[in-house]
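Asker: Give me coordinates for this.
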Amino acid sequence: MEVPEAVPEPERPVAPRPRRRGRTALLIAGAALLGVVAGTCTGYLVQADREPTKLPSLSQPTLAQAKGEGPEPLSAAQDRRVRTDGDLRRLLLKKPGGAKDATWLSADDGWMDLAAYADTYEKPDEVFGELVGDEFRRAAAIGWEGDGNSTVEIRLIQYRQEEAVAATERVENNQYWAEDEDDTDSWTVPGTGNGMVYVHNKPETKAGYLPMYTAEAFAWRGDIAVEIWINDSSPIAKKKIMDLAKRQMERL
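Answerer: Modelled structure (predicted):
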């Protein structure tokens, strides 16, 4: 019995040896580093052989001083601070001839202190704290009684304004609530930019009292907020509140 010849197995491909990586990159990186170091050293050597660069002189040319007297200080008509830092009461409109003094005015000789002004609001405790934070400085007020049941009150509230423009914020707050009233007409006060007058066409009613109509004006100039109030048992004309607002702002 013949034994079959063994069939040789096919040769398996020899797997290539993995290539060692990183050697070439390492050589290149090393060469680059040597190049940087060599370049830096060469730069230092070149600079060492040079003469030092002279720095420009720190002295400045002498300026000629102007001769003669300095400018005259601004007059009160030109410098608003001269007026507003003085007696604030003098900036208020004067009581018209024939009008009666307002005995109900919460002011002492024309001045309203912080507590008196805060008390004009519905929540004086809260407003008192707000005014302290707003850097309330002082307030002046005047009021009078006109024909019939008409009353007028004008207030000038001044702030220090070292941290915030409180006069503007106080006026904008009053304008917000005035505009929120129903059946109200409003107009801009000419020459003020943001000053407004409001006429409320619906009277306020309270048991035991006559129905009262109200008109208001709110504006500011610098650190002073202006508030004007008119109350009357008859409807109030736009001309009346607008005239007061324009004349009061002109005095500021």
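Asker: how many neighbours does the nearest residue to residue 251 once chain neighbours are set aside have?
Answerer: In space, and not counting its chain neighbours, residue 251 is closest to residue 91: 5.2 Å by CB to CB, 6 or more residues apart in numbering. For every residue, glycine as well, the C-beta is placed using N, CA and C. Residue 91: 18 surrounding residues under other CB atoms under 10 Å.
Asker: Residue 91 contacts residue 247, doesn't it?
Answerer: No. Counting by CB atoms under 8 Å, residue 91 stays clear of residue 247, with 11.5 Å between them.
Asker: give the contact list for the residue nearest to residue 233 when sequence neighbours are not counted.
Answerer: Of all residues not flanking residue 233 in the chain, residue 149 sits nearest, at 4.1 Å (CB to CB, 6+ apart). Residue 149 makes contacts with 210, 212, 231-234, as judged by CB atoms under 8 Å, 6 or more residues apart in numbering.
Asker: List only buried entries from those.
Answerer: Buried subset of these (neighbour count, 16 or more other CB atoms under 10 Å): 212, 231-232.
Asker: The residues you listed in strands, which ones?
Answerer: Counting by DSSP state E, those place 212, 231-232 in strands.
Asker: In contact with residue 171, which residues?
Answerer: When contacts are counted by CB under 8 Å, 6+ apart, residue 171 touches 194, 218-220, 225-226.
Asker: do the same with residue 102
Answerer: By CB under 8 Å, 6+ apart, residue 102 lies in contact with 142-145, 151-153.
Asker: so what pLDDT did it get?
Answerer: As predicted, residue 102 sits at a pLDDT of 90.
Asker: separation between it and residue 110?
Answerer: To residue 110, residue 102 is 11 Å away according to CB to CB, to the nearest Å.
Asker: How about residue 203?
Answerer: When distance is defined by CB to CB, residue 203 is 30 Å away from residue 110.
Asker: What is the burial count for the nearest residue to residue 172 once chain neighbours are set aside?
Answerer: Nearest non-adjacent residue to residue 172, counting by CB to CB, 6+ apart: residue 194, 7.9 Å away. As a burial measure, residue 194 scores 13 neighbours (other CB under 10 Å).
Asker: In a markdown table, list the contacts of residue 102 along with distance to residue 122.
Answerer: Output for those, formatted as a markdown table (distance: CB to CB, whole Å):
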| residue | distance to residue 122 |
| --- | --- |
| 142 | 23 |
| 143 | 20 |
| 144 | 24 |
| 145 | 24 |
| 151 | 19 |
| 152 | 21 |
| 153 | 17 |
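Asker: what are the ranges of the helices in this structure?
Answerer: Counting by DSSP state H, the chain has helices at residues 23-49, 80-84, 114-118, 124-133, 166-179, 238-251.
Asker: burial measure for the residue nearest to residue 93 when sequence neighbours are not counted, as a count.
Answerer: In this structure, residue 93 finds its nearest non-sequential neighbour in residue 248, 5.3 Å apart by CB to CB, 6+ apart. Residue 248: 22 surrounding residues under other CB under 10 Å.
Asker: Relative to residue 124, how far out is residue 248?
Answerer: Distance from residue 248 to residue 124, by CB to CB: 25 Å.
Asker: Output stretch 96-103 as PDB, nothing but the C-alphas.
Answerer: This file holds the C-alpha atoms of stretch 96-103, laid out as PDB (Å, rounded to 0.1, in the frame of the first residue of the first chain):
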ATOM      1  CA  PRO A  96     -49.600 136.100  43.000                       C
ATOM      2  CA  GLY A  97     -51.200 139.300  44.200                       C
ATOM      3  CA  GLY A  98     -54.500 138.700  45.900                       C
ATOM      4  CA  ALA A  99     -53.900 135.100  46.700                       C
ATOM      5  CA  LYS A 100     -54.000 133.800  50.300                       C
ATOM      6  CA  ASP A 101     -51.200 132.100  52.200                       C
ATOM      7  CA  ALA A 102     -51.500 128.300  52.400                       C
ATOM      8  CA  THR A 103     -52.000 127.500  56.100                       C
END
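Asker: Since that was my last question, I'll sign off now.
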